[in-house]
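Build me a model:
(2 chains)
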There are 2 protein chains.
Amino acid sequence: MGLVVQKFGGTSVANIEKIKNVANKAIREKNSGHDVLVVLSAMAGETNRLIDLAHSAADSPDEREYDSLISTGEQVTITLLSIVLNSMGYRSRSFLGFQIRILTDNAYKKARISLIDTDAIQKELRKGTIVVVAGFQGVDEDNNITTLGRGGSDTSAVALAAALNAERCDIYTDVDGVYTTDPNICAKARRLDKISYDEMLEMAMTGAKVLQPRSVEMAKKYDVPVYVKSTFSDEGGTLVTKEDQEMEREVLSGITYDRDQAKITVVHIPDKPGIAANLFMPLSERNISVDMIIQNASTQGYTDLTFTVSKKDMKEAQKIVEATAKEIGAKKVEVDDEVARISIIGVGMVSHSGVAAKMFKTMADESINIMMISTSEIKISCVIQRKYTELAVMVLHDAFHLEKKNK
Amino acid sequence: MGLVVQKFGGTSVANIEKIKNVANKAIREKNSGHDVLVVLSAMAGETNRLIDLAHSAADSPDEREYDSLISTGEQVTITLLSIVLNSMGYRSRSFLGFQIRILTDNAYKKARISLIDTDAIQKELRKGTIVVVAGFQGVDEDNNITTLGRGGSDTSAVALAAALNAERCDIYTDVDGVYTTDPNICAKARRLDKISYDEMLEMAMTGAKVLQPRSVEMAKKYDVPVYVKSTFSDEGGTLVTKEDQEMEREVLSGITYDRDQAKITVVHIPDKPGIAANLFMPLSERNISVDMIIQNASTQGYTDLTFTVSKKDMKEAQKIVEATAKEIGAKKVEVDDEVARISIIGVGMVSHSGVAAKMFKTMADESINIMMISTSEIKISCVIQRKYTELAVMVLHDAFHLEKKNK
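Residues are numbered from 1 along each chain as shown, chains lettered A, B, ... in the order given. Here you go, the predicted structure:
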């Protein structure tokens, strides 16, 4: 039997009792005959505590030092788990990013893994060791410690599974799988047994918090089967894997939402080449991501341009855009931070006609006004007033019968 | 001007306010024209918190994992100090053991530094960077994290000062220097302006807690001038340096005591060659250090042997010795854990006769019974009943006039 990579998040290692529970899960897998590699996050709350410490030291903490500081949380959990495993009679060794080494670029706070040296780990696995690895961290070529961004431990786990050619990667979390939508706002939400990489990626990008998008991209690229499971129950689980015919029979896999959106409209712009570049370059220079962009058809040499940003970036974006609007001779800039984005996702969409029309009609029947629309092959997103978020999720879930699986 | 190494202990970096105070001390030295390298301990209490965590995970935590766990405390303080320094406009970079690298043997929990690669630090110093280094930690040849034992940050600081050929090494602590004895039990204790390496070493070995003995050995070996200073005041300070004539004029430099002693006597041993080896080999195999040893003259083929161990080791030592005593045909084993060791230290002792006699007479005048005596060139130690510890320190301090400096 091959290698199984298990990843546990912060709530699964929040204290020693929970770490002992994790040890038992690792041992069970080991006793079943697999090699086992465990990837851990920091204890729940610990990374936030460290971030607060950094910000109490300086308003804009130096990024190199910041990454080295917040990477200590995982060092605590992996060593504690190894201590527990050794005391239970199972040889275990913890590994930090530099000890493996997990090489990244040097984009602090959002580094990308470029290479994983598997020698040290392979050597331990051959001895029967349960290997425990710090998630979220790596080192750049000069041995500076880097971190992979929020949820980065998912990416660490999938990257290690890929590099070590693991049989599968189990992501343990506090929910028991991926749901058709957020069960907290829609009681009819159903757990999916299986979902394709592409659907999972769209769901992660549009609001589902269960997996970091980059981990899904990587799982797809290296074809790593990923199971999302509950730490606290043996029931359930969702397999994220390659598309198959079964998936295509389903029209939709899920509905996601993002309440943290804001909409900016630049009104009455003289329509000349280069306007979009003029508007968006200064935003990207300040690291403000623009999501949906709509430019209406030009009438009499003038056009309007609307786009969305994260709510947290709105104030800064508004200031930048107002300056540009003045330069390019636009009439005014309007902002609306009371909006949300609703997305429906499904590989079946491609072969089922009328999905978009049904989405629009369902919302129209509830008098929910659609302000913006964007589509991809397997996703349709609409911007609506924020106050209708829950209503929209519920009526769409009903309309597409997501509560039951197609036969 | 050359390099100054500054070392700050746990109470000096206990919170962000105190870390900012440390930053100011580093900046002042930097602004005076020196290159500056700062070595930090973990926040006061943090290492103990981590040790407790380890012991809540297992009764006997795996030592490799234990060292990696408790080394995180320094990672937090060095990155916070670097964040503060950078935000104040001074370029700063923190370095962990592996980033430098500080190479040690792999004796976890009490590793010894074998080599320091100075390239990375030198490169930063040339850029004018204030370099901040994690005390207490290193890595072995296989990149396992090791720690140097209690007080190990002193050793880190002196070792770095030696490797980088620093002008001096300033050890900042919560007292303002080295005293003739513990000011908490003797109000007349006087701060020394200067003390020799050998005297400091004897004082550290016999109970003075101000410096880790190994750091003093290393300072002596590489002739690093060490200043013991207060973090919270600019007054005072003690220079630990090579012996000079001024020091020799003083009869004594200090009086130390250790209350954590226990005495074991093996009574009526048949006196044959190899008895001491038989007795002490099993103790050293269990890592129990024996301090003073006295064997009385053999009478009629029998002898008694008395030695001291740390109080915490007494129970285990007693069990081992009782087994050996039986084998070698001794009559019985007696233990006494109500003893203390009083030591007087001074390079002047060599040239002043009657120092020992004066010590014994002073204690006799107070009816303090001396149970054991051991001497070195610059030290005399006596084992007495523990309840007389404070009295002995005070009467000896008076008898040798330590409250005033000799002219």
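
Can you report how many residues lie near residue A:28?
Residue A:28: 12 surrounding residues under other Cβ atoms under 10 Å in any protein chain shown. (Glycine included, C-beta is placed from N, CA and C.)

Any idea how far the host helix or strand of it is from the middle of the chain?
In this assignment (DSSP states H and E), residue A:28 forms part of helix A:16-31. For helix A:16-31, the separation from the chain centroid amounts to 26 Å (computed by Cα atoms, centre = their mean, to the nearest Å).

Then stretch A:253-270?
19 Å.

do stretch A:23-37 as well
Distance of stretch A:23-37 from its chain centroid, counting by Cα atoms, centre = their mean, is 27 Å.

For that stretch, buried residues please.
By 16 or more other Cβ atoms under 10 Å in any protein chain shown, the buried positions in stretch A:23-37 come out as A:23, A:25, A:26, A:27, A:29, A:30, A:34, A:35, A:36, A:37.

what residues does chain A put near chain B?
On the criterion Cβ under 8 Å from any Cβ of the partner chain, chain B has as its neighbours in chain A the residues A:16, A:19, A:50, A:53-54, A:56-62, A:64-66, A:68-69, A:71-72, A:75-76, A:79-80, A:82-84, A:86-87, A:92-94, A:96, A:98-99, A:143-145.

my guess is residue A:138 is in a strand, correct?
Yes: assigned with DSSP: H, G, I helix; E, B strand; the rest coil, residue A:138 falls within a strand.

before we move on, the earlier item: which one among the buried residues of stretch A:23-37 gets closest to chain B?
Closest approach to chain B among the buried residues of stretch A:23-37 (Cβ to the nearest Cβ): residue A:23, at 9.4 Å.

For that closest one, which non-adjacent residue is closest in space?
In space, residue A:23 comes closest to residue A:84 once its chain neighbours are excluded; the distance is 4.6 Å by Cβ to Cβ, 6 or more residues apart in numbering or on different chains.

Spit out the contact partners of the one you found.
Counting by Cβ atoms under 8 Å, 6 or more residues apart in numbering or on different chains, residue A:84 touches A:16, A:19, A:20, A:23, B:57, B:58.

can I assume the fifth one is in contact with residue A:83?
It stands for residue B:57. Yes: with contact defined as Cβ atoms under 8 Å, residue B:57 and residue A:83 form a contacting pair (4.3 Å).

Of all residues in chain A, which one is nearest the centre?
Nearest to the mean C-alpha position of chain A, by Cα atoms, centre = their mean, lies residue A:212 at 2.6 Å.

so what's it scoring on pLDDT?
Note on residue A:212: pLDDT of 90.

right, and it touches residue A:155 too?
Yes: with contacts defined as Cβ under 8 Å, residue A:212 counts as touching residue A:155 at a distance of 5.6 Å.

can you give me the helices for the stretch 201-350 of chain A?
Along the stretch 201-350 of chain A, counting by DSSP state H, counting those that start in this stretch, helices occupy A:213-222, A:245-249, A:275-285, A:314-328.

Count the neighbours of the nearest residue to residue A:121 once chain neighbours are set aside for me.
Among residues not flanking residue A:121 along the chain, residue A:131 sits closest, at 5.4 Å (Cβ to Cβ, 6+ apart). By other Cβ under 10 Å, the residues close to residue A:131 number 29.

repeat for residue A:274
Using other Cβ under 10 Å: residue A:274 sits among 9 other residues.

Contacts only, for it.
No residues are in contact with residue A:274 under the rule Cβ under 8 Å, 6+ apart.

Pull up the gap between residue A:150 and residue A:51, please.
11 Å (Cβ to Cβ, to the nearest Å).

quick one, strands of the stretch 301-407 of chain A?
Per DSSP state E, counting those that start in this stretch, the stretch 301-407 of chain A carries strands over the ranges A:302-310, A:332-345, A:372-376, A:379-385.

circling back to that earlier point, list only buried entries from the residues of chain A next to chain B.
Buried, going by 16+ other Cβ under 10 Å: A:16, A:19, A:50, A:53-54, A:56-58, A:61-62, A:64-66, A:68-69, A:71-72, A:75-76, A:79-80, A:82-84, A:86-87, A:92-94, A:96, A:98-99, A:143-145, out of these.

is it true that residue A:310 touches residue A:261?
Yes: contact criterion Cβ under 8 Å: residue A:310 and residue A:261 qualify, at 7.0 Å.

The two: which is more packed in?
Neighbour totals were compared for residue A:310 and residue A:261, and residue A:261 leads with 24 against 15 (other Cβ under 10 Å).

measure the more buried one to chain B for me?
For residue A:261, the distance to chain B equals 32 Å [Cβ to the nearest Cβ, to the nearest Å].

Residues in a beta bridge with that residue, which ones?
residue A:310, residue A:339 (DSSP bridges).

burial of residue A:116, as a residue count?
Per other Cβ under 10 Å, the neighbour tally for residue A:116 reads 20.

List phi and psi for the residue in the stretch 201-350 of chain A that chain B sits nearest to.
Nearest residue of the stretch 201-350 of chain A to chain B (Cβ to the nearest Cβ) works out as residue A:231 at 17.9 Å. When read as degrees, to the nearest 10, the backbone of residue A:231 gives phi -70, psi -30.

Counting neighbours, what do you get for it?
Neighbours of residue A:231 under the rule other Cβ under 10 Å: 20.

Assumed the residue nearest to residue A:23 was part of a helix.
Yes: using three-state DSSP, the assignment for residue A:84 is a helix.

one step back: nearest approach to residue B:338 belongs to which of the helices of the stretch 201-350 of chain A?
Counting by Cβ to Cβ, residue B:338 lies closest to helix A:213-222 out of the helices of the stretch 201-350 of chain A; the figure is 62.8 Å.

tell me the contacts of the residue nearest to residue A:121?
By Cβ under 8 Å, 6+ apart, the contact list for residue A:131 reads A:36, A:37, A:38, A:92, A:93, A:95, A:121, A:124, A:125.

Helix or strand: which one has it?
Taking DSSP H and E as the definition, residue A:131 sits inside strand A:130-134.

Convert that strand to PDB, retaining C-alpha atoms only.
Extracted in PDB, the C-alpha atoms of strand A:130-134 (Å, rounded to 0.1, in the frame of the first residue of the first chain):
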ATOM      1  CA  ILE A 130       5.000   8.700  10.800                       C
ATOM      2  CA  VAL A 131       6.300  12.000   9.300                       C
ATOM      3  CA  VAL A 132       4.700  15.200  10.600                       C
ATOM      4  CA  VAL A 133       5.200  18.400   8.500                       C
ATOM      5  CA  ALA A 134       4.500  22.000   9.200                       C
END
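
angle of it against helix A:16-31?
Angle, strand A:130-134 to helix A:16-31, by axes from the mean of the first three to the mean of the last three Cα atoms, to 10 degrees: 130 degrees.
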